[in-house]
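A.B. asks: Coordinates for the following, if possible.
(one chain, ligands or ions: 1)
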Amino acid sequence: MKCPYCNHTFALTWKEYFWEARGHHNCVACKSRFKLLCSWSYLAITVLIALIIAGLAMFLVARWTHSRIAAVGGLVIVLVVLLALDRWLDDHWRKSAPLEPDEPKT
Ligand SMILES: [Zn+2]
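C.D. replies: Next up is the predicted model:
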């Protein structure tokens, strides 16, 4: 992530990813609070990859186990992969911006 105030670049940790689910973060250098922007390209890429991974995982699990119920269990694997992907996109893809004056600082 890149701080919009001081341009310091730092890595998004798993703790920060889960703790700041709204996409608001503190810069580790200047301690300013900023947000990650949610663009249409970010949403489109996330949904597209989620559909591809979910479909592939369900197909492979159903093929290996010959059970449609087990295929639904494959969604757990998909969820883990998607969380890792979403964190990577937050860290490398999404642009950051200062918080608006009327936005809550939490
Ligand atoms: Zn900063």
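A.B. asks: mind listing what's buried in stretch 82-96?
C.D. replies: 82, 86-87, 89-91, 94, 96 (16 or more other Cβ atoms under 10 Å). In short, each C-beta sits where N, CA and C put it, glycine included.
A.B. asks: Helix or strand with the lowest mean pLDDT in this structure?
C.D. replies: helix 68-92 (a mean of 83; mean pLDDT, DSSP states H and E).
A.B. asks: got the contact list for that helix?
C.D. replies: 1, 11-12, 14, 17, 23, 36, 42, 45-46, 49-50, 53-54, 57-62, 65 (Cβ atoms under 8 Å, 6 or more residues apart in numbering).
A.B. asks: how does it look with 7 Å?
C.D. replies: Helix 68-92 is touched from outside by 1, 11-12, 14, 17, 23, 36, 42, 46, 49-50, 53-54, 57-58, 61-62, with contacts defined as Cβ atoms under 7 Å, 6 or more residues apart in numbering.
A.B. asks: Are any of those buried, and if so which?
C.D. replies: By 16+ other Cβ under 10 Å, the contacts of helix 68-92 give 1, 12, 17, 36, 42, 46, 50, 53-54, 57-58, 61-62 as buried.
A.B. asks: how about F10, what does it touch?
C.D. replies: 1, 28.
A.B. asks: Just want the phi and psi numbers for it.
C.D. replies: Torsion angles at F10 (phi, psi; degrees, to the nearest 10) stand at phi -150, psi 160.
A.B. asks: and it, how far is that from the ion?
C.D. replies: Applying Cβ to the ion, to the nearest Å, the value for F10 to the ion is 9 Å.
A.B. asks: Any idea what K35 is bridged to?
C.D. replies: Beta-bridge pairing of K35, defined through DSSP bridges, involves H24, A97.
A.B. asks: Ignoring the adjacent residues along the chain, who's closest to M1?
C.D. replies: Spatial nearest neighbour of M1, chain neighbours left out: L12 (5.4 Å); criterion: Cβ to Cβ, 6 or more residues apart in numbering.
A.B. asks: P98 contacts P4, doesn't it?
C.D. replies: Yes - under the criterion of Cβ atoms under 7 Å, P98 makes contact with P4 at 5.2 Å.
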